[in-house]
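>>> Dropping a prediction and its sequence here:
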Amino acid sequence: MRLTQAIVTGELLQGQKLCEADLATRFGISRGPLREAIRQLEGRRLVTRIPHAGARVVTLSTHMMRDLYQVREALEGMACRMAAQQMSQNEINKLFILLDSHEKQIDAADGQAYFQSEGDFDFHFHIALASQNEMLIDLLAGELYHLLRMCRYRTSHLATRTRPALQQHRQIAEAIADRDGDLAEILMRRHISGAWKSIQHLMEIKS
């Protein structure tokens, strides 16, 4: 839904109050479906409801992002292990084609940002689906997915991480192609841990 995308991309600012009348006009929908959408976004932690103040876009605190990246490290590492066992050769080939397209996007941006994508164009999304574990998929490609994307949009300008992140994605894909689940898990955990350290450093500088 457009409301989700507006929150994820920062079109609606963190902490911004969600006025139903304004949003209904903006997105061309009635108040009933809008209320239901806001309720669902509360469940996905993209919206928080403050007593006597109404619903607001979540503010990504350092504490919240730390918790999220710790969960990512554990779950996505596990997903990589399973993907190494489950992915077909055709799916693995598509994973490398996807990374080639990401490299072109990075080159086009002169290395200043990693391609911000979703769904089938998202490397991490592909890995989650490839685990073939419904609970992992529900979490990584469902319940937590848009919150993860929101974090990644906020930190996509970390130019020092763009090419290293792509290289790490390739190493993970190669481990999966080699059917080395142990290595794939280690590399993914290391990749996410490194991403968090970079984000934490940036947030400390800004504060």
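Good, I have the coordinates.
>>> any idea how far residue 140 is from residue 4?
Residue 140 sits at a distance of 16 Å from residue 4 (criterion: C-beta to C-beta, to the nearest Å). C-beta here means a position set from N, CA and C on the backbone, and glycine is covered the same way.
>>> who has more neighbours, these two?
Shown here are residue 140 and residue 4; by other C-beta atoms under 10 Å, residue 140 has more neighbours (24 against 18).
>>> for the residue nearest to residue 170 when sequence neighbours are not counted, helix, strand, or coil?
Nearest-residue entry for residue 170: residue 99, 5.8 Å, with adjacent residues in sequence omitted and distances by C-beta to C-beta, 6 or more residues apart in numbering. Secondary structure, DSSP: H, G, I helix; E, B strand; the rest coil: residue 99 is helix.
>>> Identify the residues contacting residue 99.
123, 166, 169, 170, 173 (C-beta atoms under 8 Å, 6 or more residues apart in numbering).
>>> Would you point out the helix or strand in this protein whose mean pLDDT is lowest?
helix 145-155 (a mean of 85; mean pLDDT, DSSP states H and E).
>>> So what touches that one?
Applying C-beta under 8 Å, 6+ apart, the set of residues contacting helix 145-155 is 4, 7-10, 44-46, 58, 60, 65, 68-69, 72, 116, 118, 124-125, 140, 195, 198-199, 202.
>>> just the CA coordinates of that helix, formatted as CSV?
Presented in CSV, the C-alpha positions along helix 145-155 are these (Å, rounded to 0.1, in the frame of the first residue of the first chain):
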residue,chain,number,x,y,z
TYR,A,145,10.3,-6.8,6.3
HIS,A,146,9.1,-3.2,5.9
LEU,A,147,10.7,-2.2,9.2
LEU,A,148,14.0,-3.6,7.9
ARG,A,149,13.5,-1.6,4.6
MET,A,150,12.8,1.6,6.6
CYS,A,151,16.1,1.1,8.4
ARG,A,152,17.9,0.5,5.2
TYR,A,153,16.5,3.6,3.6
ARG,A,154,17.6,5.6,6.5
THR,A,155,21.2,4.3,6.1
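>>> for whichever helix or strand comes after it, what is the average pLDDT?
As assigned by DSSP states H and E, the chain's next helix or strand after helix 145-155 is helix 162-177. Regarding helix 162-177, the rounded mean pLDDT is 94.
>>> Could you do stretch 21-30 as well?
Stretch 21-30 carries an average pLDDT of 92.
>>> what sits up against that stretch?
With contacts defined as C-beta under 8 Å, 6+ apart, stretch 21-30 is touched by 2, 3, 31, 34.
>>> Now list the buried members of those.
With burial judged by 16 or more other C-beta atoms under 10 Å, the buried subset of the contacts of stretch 21-30 is 3, 34.
>>> Regarding the residue located most distally from the centre of the chain, what is its secondary structure?
Most distant from the centre of the chain: residue 52, at 31.1 Å, with distances by C-alpha atoms, centre = their mean. Secondary structure, three-state DSSP: residue 52 is coil.
>>> Many thanks, I have nothing further to ask.
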